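J.: Using only what follows, build the 3D model:
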Amino acid sequence: QVQLVESGGGLVQTGGSLRLSCAASGSIFRLNAMGWYRQAPGKQRELVARITSGGSTNYADSVKGRFTISKDNAKLAVYLQMNSLKPEDTSVYYCNADVIRSATYAYTPYTSWGQGTQVTVSS
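T.: Reported below is the predicted structural model:
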């Protein structure tokens, strides 16, 4: 299958920065897109940022100008640089990947999620 391993969450003060990392592994033929979502208690999971294999990006309006998504194709990794953090950014952040799986899985599409990493911004 496809596994995503996240790292980089933690506690930071308002205005601080954090960098999240996510690495994909497993039965991957092609990575179509990777992204970051977040979910706060009592709220729905929402898109934070996403990047396609071609490098196109999109961001939630609430993070534009503060967060930057990037990728390393060789490492099958995606990163989220978060600057000027605010208390409302506090959430569990989940890595997401849309892939085409390998021949073992008949080159079928698959969406994988990471286990989540907590980001807490104190005021």
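J.: who's in contact with stretch 91-109?
T.: With contacts defined as C-beta atoms under 8 Å, 6 or more residues apart in numbering, stretch 91-109 is touched by 2, 4, 6, 9, 20, 22, 24, 27-40, 45, 48, 50, 78, 80, 110-119. For the C-beta atoms, the positions are set from N, CA and C on the backbone; glycine is no exception.
J.: where in the protein is pLDDT low?
T.: Residues of the chain meeting the criterion pLDDT under 70: none.
J.: Tell me which residue is most central in it.
T.: Nearest residue to the geometric centre of the chain (C-alpha atoms, centre = their mean): Trp36, 2.6 Å.
J.: I'd say that residue and Val78 touch.
T.: Yes - between Trp36 and Val78 there is a contact at 7.4 Å, judged by C-beta atoms under 8 Å.
J.: Mutual contacts of the two, please.
T.: By C-beta under 8 Å, 6+ apart, the residues touching both Trp36 and Val78 are Cys22, Ile69, Cys95.
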